[in-house]
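below is the structure, and that's it, no one-letter string:
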Ligand SMILES: Nc1ncnc2c1ncn2[C@@H]1O[C@H](COP(=O)(O)OP(=O)(O)O)[C@@H](O)[C@H]1O
Ligand SMILES: N[C@@H](CCC(=O)OP(=O)(O)O)C(=O)O
């Protein structure tokens, strides 16, 4: 057992669109309920919790009764503008059931590139956590563009969650995905792929096993999850990648159960 999760106190949880939206395009209310229950329960137990949630576009598509994501960027941004409000309404409603306050933070890459805005974001995060309020972060999709002279986009929330987690010295990043861990090949393409329990070094073999997205809703695939893992490992922190089908799994992870794939440095004898 090389996981070192007993002393985790500050935890960032990232949930992807494919865990929040059913295959038929409807919002997965059970997942949102269970996520709110889990994070509120952890907050009451004294953990400091930050949620990074995708889903603005997925929820917006459902709300506007659109069958699929349009190709045009401005149209996607308009859908995200509708969906983000609805996503937060759903979270606020569920978290209120557990008497837990949340605060929305929409970020772009520029926020972290500039020391002043970076410090403001970090101060806001610390203040929310000091007051037992759970920050709910997403990329600011209506601002995020990626042009030669104006780089604001993270491209995906996997990397945003790792950047936030590293900046606030989180002990652990939990990435909830549509897959239950990292495999030695994309299991949606290779029937015999094997799940990996623990990664202590991102070897070339592992990096080349990572492929693209598994569903029509996901954006980053395994490549961006491994980049997130690399950020956490370089910061001397841990990450667990696991299925978001039932977010109550996070309670098992912090209890030390071997769920999903763990990324980090092995425990030393002194720990
Ligand atoms: N080596 C791998 N191990 C596990 N999944 C992989 C691997 N390579 C590619 N994938 C794909 O990555 C998908 C998860 O990424 P993504 O679709 O972006 O999910 P999410 O919306 O949860 O972020 C999986 O469903 C899987 O098809
Ligand atoms: N900011 C976008 C999600 C971007 C993203 O990273 O999505 P995902 O791969 O589902 O985590 C949204 O809220 O729709």
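Thanks, I have the structure now. All of these numbers come straight from a predicted model, not from anything done at the bench. Ligands and ions are numbered 1, 2, ... in the order given.

can we go C-alpha only for contacts and neighbour counts from here?
OK.

nearest to ligand 2: which residue in the stretch 101-250 of the chain?
Relative to ligand 2, the nearest point of the stretch 101-250 of the chain is residue 156 (3.3 Å; Cα to the nearest ligand atom).

and the pLDDT at that residue?
We have a pLDDT of 82 for residue 156.

tally of neighbours for it?
For residue 156, the neighbour count with other Cα atoms under 10 Å is 18.

which ones are touching the residue lying closest to residue 8 once chain neighbours are set aside?
Of all residues not flanking residue 8 in the chain, residue 171 sits nearest, at 5.4 Å (Cα to Cα, 6 or more residues apart in numbering). In this structure, residue 171 makes contact with 8-11, 165, 237-238, judged by Cα atoms under 8 Å, 6 or more residues apart in numbering.

all strands for this protein, in order.
Counting by DSSP state E, the chain has strands at residues 10-15, 48-53, 102-107, 134-139, 146-147, 150-151, 172-177, 198-199, 238-243, 261-263.

shaky segments in the stretch 51-200 of the chain?
145-155 (pLDDT under 70).

for ligand 1, give me its nearest residue in it.
Closest point on the stretch 51-200 of the chain to ligand 1, by Cα to the nearest ligand atom, is residue 177, at 3.1 Å.

didn't that residue look like it was pressed against residue 20?
No - using Cα atoms under 8 Å, residue 177 is not in contact with residue 20; the gap is 9.6 Å.

more neighbours: which of the two?
The neighbour count for residue 177 versus residue 20, taken as other Cα under 10 Å, is higher for residue 20 (27 against 24).

test my guess that the more buried one contacts residue 33.
No - in this structure, residue 20 is not within contact of residue 33 by Cα under 8 Å, at 10.5 Å.

shared neighbours of the two, anything?
Joint contacts of residue 20 and residue 33 (Cα under 8 Å, 6+ apart) do not exist.

that'll do, ta.
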